[in-house]
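Colleague: kindly return the folded structure for what I paste below:
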Amino acid sequence: SGGCLENKFRMKMTAAFRDDTAPLDKNCGCQTCWQFSRGYLWHLEKAKELSFYTLMTLHNLFFFSRLMQEIREAIEKNDFMTLQKKWIGSS
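Modeller: Below you'll find the model as predicted:
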């Protein structure tokens with residue numbers, strides 16, 4: 001990731017993405033990640049294209065929808081603490 005990941009929940013678009021052909025998140029199934037590379041998204045942000053914000057919103061909505069589904073499933077299985085450790089470590 002070129003050192004661009006701040007943590008599991010945030011990512012900065014830095015110049016390291018300029019020529020990166022990888023998806024924003026290789027484990028994500030959203031349209032943004034499937035159709036656009038980090039390099040292209042970096043370009044959109046630098047060019048101040050409004051489509052950058054639309055694509056990032058789609059990615060974020062997909063991410064949180066998937067996270068909420070994992071939370072619901074973990075609660076149903078009475079195994080929320082395992083999921084919590086996966087996402088934020090033990091507390």
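Colleague: who touches R66 in this structure?
Modeller: C28, G29 (Cβ atoms under 8 Å, 6 or more residues apart in numbering). Every residue, glycine included, has its C-beta placed from N, CA and C.
Colleague: could you rerun that using 10 Å?
Modeller: N27, C28, G29, C30 (Cβ atoms under 10 Å, 6 or more residues apart in numbering).
Colleague: wait, which of those is closest to G39?
Modeller: Nearest to G39 among these is C28, at 16.5 Å by Cβ to Cβ.
Colleague: what about that closest one, is that helix, strand or coil?
Modeller: coil (DSSP: H, G, I helix; E, B strand; the rest coil).
Colleague: please look at it and H59 and confirm they touch.
Modeller: Yes: C28 lies in contact with H59 (Cβ atoms under 10 Å); the separation is 6.8 Å.
Colleague: between the two, which one's more packed in?
Modeller: Counting neighbours by other Cβ atoms under 10 Å for C28 and for H59 shows that H59 has the greater number, 21 against 15.
Colleague: against E70, how distant is that one?
Modeller: 17 Å (Cβ to Cβ, to the nearest Å).
Colleague: show me the helices in the protein, by range?
Modeller: 31-35, 38-46, 50-76, 80-88 (DSSP state H).
Colleague: which one of those lies closest to D19?
Modeller: Here helix 38-46 is closest among the helices of the chain (Cβ to Cβ), at 5.4 Å.
Colleague: list the contacts of the closest one.
Modeller: Contacts of helix 38-46 with the rest of the structure, by Cβ under 10 Å, 6+ apart, involve 1-2, 4, 11, 13-25, 32-33, 36-37, 49-56, 59.
Colleague: are any of these buried, and if so which?
Modeller: 4, 11, 13, 17, 20, 23-25, 32-33, 36-37, 52, 55-56, 59 (16 or more other Cβ atoms under 10 Å).
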